[in-house]
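1. the following comprises the amino acid sequence and a computationally predicted model.
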Amino acid sequence: MAVSVLVVEDDKNIAELLQLYLEREGYAVTIASDGGQGVSKFRAISPDLILLDLMLPVLDGWGVCRAIRAESQTPIIMLTAKGETADKVTGLKNGADDYITKPFEMKEVLARMEAVLRRSGRSTEKKPNRLIFDKLMIDMDAFELTVDGKKVDTPPKEMELLFHLASSPNRVYTRNQLLDEVWGFDYFGDSRTVDVHIKRLREKLEGVSDQWTLKTVWGVGYKFEVV
């Protein structure tokens, strides 16, 4: 059964980004757009973990945290643009288990979630770090790409991009999604960076197999297509 996460965040873009990334990682995600909804949805679904923004309408994050702590020890990670020590201390005193300052990388959010869930005794299923297709193996533990039986030198970001695409075969990703999910939430570079990395990967993979391909979906983005 998937680990359930309640995201209480009034910024629609951040909430949707968190939902996309976490659902891709196998979590079941529910969104609340204000503090009042956050408390109501917490009581309705009893999530395994809460990602809680601090500056919320109706009821701020501190108030939400206090309300939840009055009836549950469900792990809470606060997300906020404020980085002052006093705000962190206040959040922790109100019962938060961890604190992440915006802007953040999605990989950091995931790592902190997994750490908090481990400490709380709520288990998570570990996703495979090795993907195998016809004449292709992507091993993220060893950071090795094997193509037609031969190891191919591949920079880390190209490995991460290929693994990300191949983890969800036939799913189309926009360039901006790939920038957010592979390069990170706080990356502000040109989206053509994705095109450059795809081009380099194609030079390594073109014509290797007729069972899969890195495909451009014109006007949208890219996918790892499996036939």
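-> Arrived safely.

2. for residue 78, what are phi and psi?
-> Backbone torsions for residue 78, taken as degrees, to the nearest 10, come to phi -90, psi 140.

3. quick check, residue 204 in contact with residue 145.
-> Yes - using CB atoms under 8 Å, residue 204 is in contact with residue 145, at 7.2 Å. Yep, even glycine has a C-beta here, placed from its N, CA and C like the rest.

4. so between those two, which is more surrounded?
-> residue 145 (22 against 16; other CB atoms under 10 Å).

5. just the strands from this structure, written as ranges.
-> Using DSSP state E, the strands assigned to the chain run over residues 4-8, 28-32, 49-53, 76-80, 98-101, 130-133, 136-139, 144-147, 150-152, 173-174, 212-217, 221-226.

6. so what touches the fourth one?
-> The one in question is strand 76-80. Residues from elsewhere that reach strand 76-80 (CB atoms under 8 Å, 6 or more residues apart in numbering): 9, 14, 49-55, 61, 65, 68-69, 87, 91, 95-102, 104, 109, 112-113, 116.

7. find residues that contact each of residue 204 and residue 145.
-> With CB under 8 Å, 6+ apart, residue 204 and residue 145 have common neighbours 152, 154.

8. quick revisit: lowest average confidence across the strands of the chain, which one?
-> If you rank the strands of the chain by mean pLDDT, strand 98-101 sits at the bottom with a mean of 86.

9. convert the C-alpha atoms of that strand to PDB, please.
-> What follows is strand 98-101, C-alpha atoms only, in PDB (Å, rounded to 0.1, in the frame of the first residue of the first chain):
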ATOM      1  CA  ASP A  98      11.800  18.700  10.100                       C
ATOM      2  CA  TYR A  99      12.000  22.000   8.200                       C
ATOM      3  CA  ILE A 100      12.900  22.800   4.600                       C
ATOM      4  CA  THR A 101      13.500  26.300   3.300                       C
END
